[in-house]
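[1] Next one to model:
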Amino acid sequence: MLTKIYGSAVFGVEATTITVEVNVVTGVGYYLVGLPDNAIKESNYRIAAALQNTGYKIPGKRITINMAPADLRKEGSAYDLTLALGILAASGQIKSEGIERYIIMGELSLDGSLQPLKGALPIALQAREEGFKGLILPEQNAKEAAVVDGLEVYGAENIKQVIDHFDNKKLLEPVKVDSWEEFYNKLDFPEHDFADVKGQESIKRCMEIAAAGGHNIILIGPPGAGKTMLAKRLPSILPPMTLHEALETTKIHSVAGRMENSGLMTARPFRSPHHTISDVALVGGGTYPQPGEISLSHNGVLFLDELPEFKRNVLEVMRQPLEDREVTISRAKFTITYPSSFMLVASMNPSPGGYFNDPDAPVTSSPTEMQRYLGKISGPLLDRIDIHVEVTPVPFEKLSDDRKGESSVDIRKRVTAARKIQASRFKDTENIHYNAQMSSRQIREYCELDDASKALLKNAMTRLNLSARAYDRILKVARTIADLDHATHISGNHISEAIQYRSLDREGWLG
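    Below is the predicted model of the structure:
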């Protein structure tokens, strides 16, 4: 008897439906074809034990299983449940009526229980797009897949529950999730709030500008100045994610297997990898490509603490993703593209000892040592960082002040208002949503300067010996400052403030 049952394969952040054809006839043998990897080839041992411990068995006949399309490589153990139900249906041990209307996925343990899988959300989206009635998968992945409307999602603890569902003995209950209600409840109570930061008003202003325009920012200062504390609070002032952004972000984390027992991601991601990270772990890749840290921070913040301590080749591989906002991983037989539109926040000490050229500092370094330390970061990478700002230690008077600073909720309101202006400005432009994403053509169109502003910028370019890319960055930041002021045109004040945020371009910035 021939039975067709459906599974799904995930490549990059997209899923492809897999048709599993199971043919059981008189004879002896078990044949699995269709480019399965070793994990799938070993599935017959897991399936045999799971069925035996559940009161069923693999029939003593000739079983031929084809996984179509046959020229597409299938990977992982998540096809165990698909193959097991196909064998049971083809051998007449369970009712197969309506089984072709479901996508069925899950890894089997030897006792018949189901283990979680990766990529549940892309699988659910593809199932809905292709018109399947429902999706059956392990209970740990049910909330994640249930955020997709128009698709019945069933979570099962073991294979017996799935068998009983098709035999109409005990139907599985569809999972319902309201992630947005939880999201809005948490929106005004961020875990890390700018109200907890004492002093540092100028740095908070820089953070607000960076958040409003999606600009990359680097903080330079001695230990204890508050660089990490400020960076961790940046996601709390970013605008709430749209539904499209939330789905995009959740898909990436789903593919990476980081969404167990959770639904739609509603908080913007904040990733802070250690400086010993490899270039593959940062940008993604591997034998079986997985998204890296820059993709896991998509629509959120990537924080690189102690930037000069990262290996140079690790930092250099970020240059292309920072410009293109996506990373492409190429192999001999396939190419995968992961989105990586993130805000880069970096921090660093001004010298190996950690302090400025201050005779009263515990550890002092000469200007030569400082310049050598800064030289670990390439000019092209610094050019891609819009805002460079110095962070100085907070004096005792401000540390001991009991008054709370402005909250993240209040700052976020101004950031969101500025982002709405930008959304209206770029509504007819594809793939551009905020000022940091502007191309040269948009800069010429939306960053026009009057004569006084041009003269001011020309003087700064000449004195600081800025590159053409730095020129563009200054205009983008000035445009964001104008948006925060609800100004239609960029003025000299906006340009002069933007120039101040290029500390590393100024010769002798250490004083």
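
[2] Contacts only, for residue 280.
    Applying CB atoms under 8 Å, 6 or more residues apart in numbering to residue 280 gives the contacts 286, 292. (Each C-beta comes from the backbone N, C-alpha and C, glycine too.)

[3] Give me the distance between it and residue 286.
    Look at residue 280 and residue 286: by CB to CB, to the nearest Å, they are 6 Å apart.

[4] Ok, residue 48 next?
    Counting by CB to CB, the gap from residue 48 to residue 286 is 31 Å.

[5] Comparing these two, which residue is more hemmed in?
    residue 48 (17 against 10; other CB atoms under 10 Å).

[6] List the buried residues in the host helix or strand of that one.
    Assigned by DSSP states H and E, residue 48 belongs to helix 43-52. Across helix 43-52, burial judged by 16 or more other CB atoms under 10 Å covers 43, 44, 46, 47, 48, 49, 50, 51.

[7] Against residue 381, how distant is the first one?
    For residue 43, the distance to residue 381 (CB to CB) stands at 46 Å.

[8] How about the last one?
    Noted for residue 51: a distance of 56 Å to residue 381, by CB to CB.

[9] Kindly report the same for the third one.
    When CB to CB is applied, the distance between residue 46 and residue 381 equals 47 Å.

[10] same question for the lengthiest strand in the chain, mean pLDDT?
    Scanning the chain for the longest strand, with DSSP state E as the assignment, gives strand 14-25. Averaging pLDDT along strand 14-25 yields 95.

[11] Now do it: everything it contacts.
    By CB under 8 Å, 6+ apart, the list of residues contacting strand 14-25 reads 1-10, 59, 61-69, 72, 74, 79, 82-83, 86-87, 89-91, 103, 119, 122-123, 125-127, 130.

[12] doesn't residue 135 make contact with residue 101?
    No - taking CB atoms under 8 Å as the definition, residue 101 is not a contact partner of residue 135, at 10.5 Å.

[13] Those two: which is more packed in?
    residue 135 (29 against 12).

[14] isn't there a strand covering that one?
    Yes - applying DSSP: H, G, I helix; E, B strand; the rest coil, one finds residue 135 inside a strand.

[15] What's the separation between residue 215 and residue 477?
    Spatial separation of residue 215 from residue 477 under the definition CB to CB is 6 Å.

[16] so what sits against both of those two?
    209, 386, 387, 435.

[17] Name the member of these with the shortest distance to residue 193.
    Ranked by distance to residue 193 (CB to CB), these are led by residue 209 at 18.8 Å.

[18] The nearest residue to that closest one once chain neighbours are set aside: neighbour count?
    With CB to CB, 6 or more residues apart in numbering as the criterion, residue 209 has its nearest non-adjacent residue at 5.5 Å, and that residue is residue 480. Residue 480 is flanked by 31 other residues according to other CB under 10 Å.

[19] contacting residues around stretch 322-329?
    Contacts of stretch 322-329 (CB under 8 Å, 6+ apart): 216, 283-285, 289, 292, 294-295, 320-321, 335-341, 344, 384, 431, 437.

[20] so residue 30 is in which element?
    Going by DSSP H and E, residue 30 is part of strand 29-33.

[21] With adjacent residues omitted, what lies nearest to residue 176?
    residue 146 is the one closest to residue 176 (CB to CB, 6+ apart), at 6.4 Å.

[22] roughly how far apart are the one you found and residue 469?
    45 Å.

[23] So for the two, which residue has more residues nearby?
    Neighbour count, other CB under 10 Å: between residue 146 and residue 469, residue 146 has more, with 25 against 15.

[24] Where in the protein is the helix or strand with the lowest mean pLDDT?
    The weakest-scoring helix or strand in the chain, judged by mean pLDDT, DSSP states H and E, is helix 179-187 (a mean of 59).

[25] Residue 416 and residue 237 touch, don't they?
    No - applying CB under 8 Å as the test, residue 416 and residue 237 come out as separate, 9.1 Å apart.

[26] Counting neighbours, go ahead and name the busier of these two.
    residue 237 (26 against 15).

[27] pretty sure that one contacts residue 208?
    Yes - assessed by CB under 8 Å, residue 237 is found in contact with residue 208 at 6.6 Å.

[28] Touching both of the two, which residues are there?
    411, 415.

[29] wait, is residue 299 part of a helix?
    No - with three-state DSSP as the criterion, residue 299 is coil rather than part of a helix.

[30] Kindly provide the distance from it to residue 251.
    From residue 299 to residue 251 the distance is 11 Å (CB to CB).

[31] for residue 406, same thing?
    35 Å.

[32] So for these two, which sits in the more crowded spot?
    Per other CB under 10 Å, whichever of residue 406 and residue 251 has more neighbours is residue 251, with 28 against 16.

[33] how close does the more buried one get to residue 121?
    Relative to residue 121, and taking CB to CB, residue 251 is found at 5 Å.

[34] try residue 269
    Residue 269 sits 15 Å away from residue 121, taking CB to CB as the criterion.

[35] Looking at these two, which is more packed in?
    Taking other CB under 10 Å, residue 269 and residue 121 do not tie; residue 121 has more neighbours (28 against 21).

[36] excluding its backbone neighbours, what's nearest that one?
    residue 254 is the one closest to residue 121 (CB to CB, 6+ apart), at 4.2 Å.

[37] That neighbour against residue 124, yeah?
    No - assessed by CB under 8 Å, residue 254 is found out of contact with residue 124, at 9.2 Å.

[38] what residues do those two have in common as contacts?
    residue 144.

[39] quick one: low-confidence ranges for the stretch 351-500 of the chain?
    354-365 (pLDDT under 70).

[40] neighbours around residue 430, how many?
    Residue 430 has 6 nearby residues by other CB under 10 Å.

[41] and if you look at residue 281?
    16.

[42] for it, what are its contacts?
    273, 292, 293.

[43] The same query, at a cut-off of 10 Å, please.
    Residues near residue 281 by CB atoms under 10 Å, 6 or more residues apart in numbering: 273, 274, 290, 292, 293, 314.
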